[in-house]
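Student: build the 3D model from these lines:
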Amino acid sequence: MNEPTGRYTPPIPRDVKVSPMWVPILMFAFLGIGTLLILINYTGVVWNTSNWILLGGLGLILAGIITATQYH
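Tutor: Numbering: from 1, shown residues only. Modelled structure (predicted):
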């Protein structure tokens with residue numbers, strides 16, 4: 001079943017695949033702050049609801065998603 005094909009793919013060096021520790025911290029910070037901004041905006045506890053605050057929260061969540069694509 002598992003016959004060798006004769007092809008060899010060398011492994012990627014370990015130092016290439018490792019991201020700095022600040023990448024996941026920044027990712028979760030963006031996602032968490034963006035989610036909190038949206039939740040606080042919808043409750044109206046701290047300030048009146050605003051579309052600009054909603055867009056800021058969505059922008060932070062998008063920044064978290066973009067940061068997540070850089071994580072190895």
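Student: flag the shaky bits of this protein, pLDDT-wise.
Tutor: Residue ranges of the chain with pLDDT under 70: 1-5, 14-17.
Student: what about residue 60, neighbour count?
Tutor: 20 (other Cβ atoms under 10 Å). No exception for glycine: its C-beta is placed from N, CA and C like everyone else's.
Student: residues contacting it?
Tutor: Residue 60 makes contact with 30-31, 33-34, 37, according to Cβ atoms under 8 Å, 6 or more residues apart in numbering.
Student: just send these back as TSV, with distance to residue 43 too.
Tutor: Output for these, formatted as TSV (distance: Cβ to Cβ, whole Å):
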residue	distance to residue 43
30	21
31	19
33	16
34	15
37	11
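Student: which ones among those map onto helices?
Tutor: 30-31, 33-34, 37 (DSSP state H).
Student: got these as TSV, with neighbour count and distance to residue 6 columns?
Tutor: Listed next are the ones in helices among the contacts of residue 60 as TSV, based on neighbours: other Cβ atoms under 10 Å; distance: Cβ to Cβ, whole Å:
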residue	neighbour count	distance to residue 6
30	20	46
31	18	45
33	16	52
34	20	50
37	20	55
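Student: which one of the residues you listed is nearest residue 46?
Tutor: For those, the minimum distance to residue 46 (Cβ to Cβ) is 9.9 Å, reached by residue 37.
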